[in-house]
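Engineer: predicted model and sequence follow; I will ask about them next.
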Amino acid sequence: MSNKVIYAIYNDDDILMDAVKKTRAAHHQIEEVFTPFPVHGLDKAMGIAPTRLAICAFLYGCVGISVATAMMNYIMIQDWPQDIGGKPSFSYIENMPAFVPIMFELTVFFAAHLMVITFYMRSKLWPFKEAENPDVRTTDDHFLMEVAVNDNEEELVSFFQSTGAVEVKVIEKH
């Protein structure tokens, strides 16, 4: 199997969006699209499924509030109960209103930090990872669409030239 891909480079995001729609309509497999800034609607045009990171954030928040509840119950009620301001610590439920800010902060802390870790793991962004940017112009003012070649190289080159690509290159990918 060939590891050839086509790099179709565009200089306008509207032309890129039209090209992505035409490419999907022609049933060509889009591997990746590189842009210098987020393009609204590109994920839908590429057919990318909606993210499930919000579900992870909710679950991480549940872990945070559980840790906060268990921590405060152990520290303030069981391990070292204190009579603060004439309010004895007989049970967690009686003192829970005082613990609400801590529960909120740990919920946000766990959700935020675990979401960052999840995002980096899901995106395969490891420390000291080499950049995968195929063309340096995509960080400045050009847009690049990477499409897999399946024994139809000439057809794809002419197809992408007709979609308004400024430059079309066939690359052997490693």
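Structural biologist: That came through fine.

Engineer: tell me, what residue is most central in the chain?
Structural biologist: The C-alpha lying nearest the average C-alpha coordinate of the chain belongs to residue 119 (Cα atoms, centre = their mean; 5.5 Å).

Engineer: and that one, what does it touch?
Structural biologist: By Cβ atoms under 8 Å, 6 or more residues apart in numbering, the contact set of residue 119 is 53, 125. All C-beta atoms are positioned from the backbone trio N, CA, C, and that covers glycine.

Engineer: pLDDT wise, what is it at?
Structural biologist: pLDDT for residue 119: 90.

Engineer: for residue 92, what are its contacts?
Structural biologist: Neighbouring residues of residue 92 by Cβ under 8 Å, 6+ apart: 69, 72-73, 76-77, 99.

Engineer: can you rerun that using 7 Å?
Structural biologist: Residues in contact with residue 92, defined by Cβ atoms under 7 Å, 6 or more residues apart in numbering, are 73, 77.

Engineer: that older thread, quick check: phi and psi on the residue nearest to the centre of the chain?
Structural biologist: Residue 119 has phi and psi values of phi -60, psi -50 when expressed as degrees, to the nearest 10.

Engineer: what about residue 167, distance to residue 121?
Structural biologist: Residue 167 sits 34 Å away from residue 121, going by Cβ to Cβ, to the nearest Å.

Engineer: more crowded one of those two?
Structural biologist: Counted by other Cβ atoms under 10 Å, residue 167 and residue 121 do not tie: residue 167 has more neighbours, with 15 against 10.

Engineer: quick check: residue 60 touching residue 109?
Structural biologist: No. With contact defined as Cβ atoms under 7 Å, residue 60 does not count as touching residue 109 (9.6 Å).

Engineer: tell me where this structure has strands.
Structural biologist: 4-10, 30-34, 143-148, 167-172 (DSSP state E).
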